[in-house]
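Q: This is the structure alone, sequence omitted:
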């Protein structure tokens with residue numbers, strides 16, 4: 001079996017945290033976060049080995065904050081916890097998909113005009129060379 005085939009077809013976990021670095025030099029990989037029920041993409045974040053280990057152990061979406069250079073346990077401050085249902089790995093083992101179930105509120109740290117946390121971080125689209133708000137509720 002070739003090295004590429006081994007990576008893509010085996011059951012061996014060989015995540016590559018070395019390809020991407022946070023501004024502080026921490027090895028991270030991208031994580032897409034999707035609501036398991038609605039299939040809506042909620043956010044894109046990064047994880048390092050510590051974040052992934054915590055997420056798998058505690059079954060809560062956990063990331064590595066590249067801006068704060070620290071473990072980011074989703075919902076710890078906002079209450080918008082995302083229950084981790086499943087973690088999927090892409091073919092090259094250099095990105096993850098967290099399938100989650102929101103426990104309450106939204107997934108984004110921003111709020112809409114009514115003061116509610118937004119369901120997804122993708123609440124705007126590009127239209128006529130400017131951003132337009134998308135109605136998620």
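A: Received the coordinates, thanks. Keep in mind that this is a model prediction, so the values were computed, not measured.

Q: buried set for stretch 48-68?
A: Along stretch 48-68, these residues count as buried under the neighbour rule (16 or more other CB atoms under 10 Å): 48, 51, 52, 54, 55, 60, 61, 62, 63, 64, 65, 66. For the C-beta atoms, the positions are set from N, CA and C on the backbone; glycine is no exception.

Q: Ok, stretch 5-22 next?
A: When neighbours are counted by 16+ other CB under 10 Å, the buried residues of stretch 5-22 are found to be 7, 15, 17, 20, 22.

Q: Ramachandran angles for the first one?
A: Dihedral pair for residue 7: phi -70, psi -40, per degrees, to the nearest 10.

Q: How far does stretch 54-68 stretch from one end to the other?
A: Chord length of stretch 54-68, first to last residue, is 18 Å (CA to CA, to the nearest Å).

Q: which outside residues touch that stretch?
A: Under the criterion CB atoms under 8 Å, 6 or more residues apart in numbering, residues 22-24, 26, 28, 31, 33, 45-48, 50-52, 70-75, 81-84, 87, 98, 100 lie in contact with stretch 54-68.

Q: how about a cut-off of 7 Å?
A: Where contact means CB atoms under 7 Å, 6 or more residues apart in numbering, the residues beyond stretch 54-68 that reach it are 22-23, 26, 28, 31, 33, 45-48, 51, 71-74, 81-84, 87, 98, 100.

Q: In the protein, what residue spans correspond to helices?
A: In order along the chain, the chain carries the following helices (DSSP state H): 3-9, 49-58.

Q: So for the longest one, mean pLDDT?
A: Averaged across helix 49-58, the pLDDT comes to 97.

Q: Then the shortest one?
A: Along helix 3-9, the predicted confidence averages to a pLDDT of 74.
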